[in-house]
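Asker: take this sequence and fold it.
(one chain, ligands or ions: 2)
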Amino acid sequence: MKKAEIGIIGGSGLYAMPGLTNVREERVTTPFGEPSDVFVLGELEGRNVAFLARHGRGHRILPSELNFRANIFAMKMLGVDSILSVSAVGSLKEEHKPTDFVIPDQFIDRTFARASTFFGDGIVAHVAFGDPVCAPLANVLKQACDTVGVVGKLGGTYVCMEGPQFSTRAESNLYRSWGADVIGMTNLQEAKLAREAEICYATVAMVTDYDCWREGHDDVTVDQIVAVMHQNADNASKVVRAAVAAMPAEMTKGCACVNALKYAILTDRKAIPEETKQKLSLLIDKYL
Ligand SMILES: CSC[C@H]1O[C@H](OP(=O)(O)O)[C@H](O)[C@@H]1O
Ligand SMILES: Nc1ncnc2[nH]cnc12
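Answerer: Ligands and ions are numbered 1, 2, ... in the order given. A predicted model of the protein is given here:
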C-alpha cells in the first residue's frame, strides 16, 4: 500500500518537518538494512509525505556511515515517487552567500567509501546520470524559494566529498578552479540511488559558510555552520512546504526519472540469481 507520495530528507539542521498533521512514526526495514531513523509520516498541504532525518534525530550518523541504500529503498517501499532533499553546503563562489539557497543540477564525485548502487550480486545495470537531478522537481523548488522570499538559485554544481573532515585549502581551490558552486558530503549517493529506484530527486542546498578558500576570512567551523543553520532551517521548512503545495498530483507522470531502468539492465534475465530478483523485486519486477 502506498503510504506516502513525497519523501523529505532533512539534513544538518532539519531534523523534523514542522506543519505535519496526522503524524505517525514508521520503522522500515529494507533488504539493505536499517535506514537512518524512523520515518515520520503525515500530511503536509494535503499530501501524504514521509520525513527522514538523514543523520538520524540527534545527528548521530557520519556522512560515510549513512546507509543511503536503506534510506532510498525505504522511501520506495513507502510508495514515494518524489524526494525533496534539504542539505547544508559550503559555498565555493563569492556570489553564493551564507543563507542563500542553491538548487544544484550537477554533481562531482569526491567520495570513495560508500555503497552507491542497488545492483550487483548477479545483476548489472547502468542508469543514465547526465542530468542527475529531476529538472521539473528542481523547478518546483526554485518557485518555492521565490514564493517564500528566499534567494534560490536554480542550477549549480555540488561537489560531494567524503568527509567528515572539511576540505584542505588546496582541495577547496581545486574545486573552485573546476567551476563548482557548493560542497557537501551527502547528496550524490542519494541522487544516484533515487535514479536507480526511479524516484524523482532534487535538493535545496542551504549555504552555511565559505569553506576555507576565502582569503582574509576564517576557515569553516561547525559552530559557524550551526549558527547559519538555525537561520536557514526555518526558511528550508517553509520552502519544502511551499514546494509540496505546488507539486501537481501527477508530477512524476511522463518524467524520464520514473523510467530510468527501462534500458539500464544488461543482465540476461535468466541469469539473474533468484535471491537477487527477490531482493530487488520492488525495483525490477516490471522489467523482468
Ligand atoms: C554540519 S557540517 C557538515 C555536514 O553538513 C552537511 O550535511 P547534510 O548534507 O546532511 O545537510 C554536509 O553534507 C555534512 O554532512
Ligand atoms: N564547507 C563545507 N564542506 C563540506 N560540507 C559542508 N556542509 C556545510 N558546509 C560544508
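
Asker: how about the residues of the stretch 101-250 of the chain near ligand 2?
Answerer: By the rule C-beta under 6 Å from any ligand atom, the part of the stretch 101-250 of the chain lying against ligand 2 is M161, F166, I183, G184, M185, T208, D209, D211, V220, I225. Every residue, glycine included, has its C-beta placed from N, CA and C.

Asker: hey, where'd the helices end up in the stretch 1-150 of the chain?
Answerer: Counting by DSSP state H, counting those that start in this stretch, the stretch 1-150 of the chain has helices at residues 68-78, 135-148.

Asker: which one of these lies closest to L266?
Answerer: Smallest distance to L266 across the helices of the stretch 1-150 of the chain (C-beta to C-beta): 20.1 Å, for helix 68-78.

Asker: the closest one and ligand 1 in contact?
Answerer: No - residues of helix 68-78 contacting ligand 1 under C-beta under 6 Å from any ligand atom: none, with a closest distance of 11.2 Å.

Asker: gap between that helix and the chain center?
Answerer: The gap between where helix 68-78 is centred and where its chain is centred comes out at 12 Å by C-alpha atoms, centre = their mean, to the nearest Å.

Asker: and for stretch 75-85?
Answerer: The answer for stretch 75-85 is 11 Å, by C-alpha atoms, centre = their mean.

Asker: model confidence at the residue of the chain found nearest ligand 2, what's the number?
Answerer: Of all residues in the chain, G90 sits closest to ligand 2, at 2.3 Å by C-beta to the nearest ligand atom. G90 carries a pLDDT value of 98.

Asker: who's in contact with it?
Answerer: F166, S167, V182, I183, G184, V207, T208, D209, Y210, D211, V220 (C-beta atoms under 8 Å, 6 or more residues apart in numbering).

Asker: return the subset of these lying in strands.
Answerer: Members of the contacts of G90 lying in strands (criterion: DSSP state E): V182, I183, G184, V207, T208, D209.

Asker: A113: which of the residues you listed is nearest?
Answerer: When the ones in strands among the contacts of G90 are compared against A113 (criterion: C-beta to C-beta), the nearest one is G184, at 15.7 Å.

Asker: which pLDDT value belongs to the residue of the chain found nearest ligand 1?
Answerer: Closest contact between the chain and ligand 1, by C-beta to the nearest ligand atom, is at G11 (2.4 Å). At G11, the model reports a pLDDT of 96.

Asker: I'd say it and M185 touch.
Answerer: No - the criterion here is C-beta atoms under 8 Å, and G11 misses it with M185 at 9.5 Å.

Asker: state the distance from I183 to F166.
Answerer: 9 Å (C-beta to C-beta, to the nearest Å).

Asker: what is in contact with those two at once?
Answerer: G90, D211.

Asker: more neighbours, those two?
Answerer: Neighbour count, other C-beta atoms under 10 Å: between I183 and F166, I183 has more, with 28 against 19.

Asker: all strands for the stretch 151-288 of the chain, in order.
Answerer: Taking DSSP state E, counting those that start in this stretch as the criterion, the stretch 151-288 of the chain carries its strands at 152-154, 157-161, 182-184, 200-209.

Asker: I'd like the ones you listed as a markdown table, with mean pLDDT appended.
Answerer: Formatted as a markdown table, these follow (pLDDT from 0 to 100):
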| stretch | mean pLDDT |
| --- | --- |
| strand 152-154 | 98 |
| strand 157-161 | 98 |
| strand 182-184 | 98 |
| strand 200-209 | 97 |
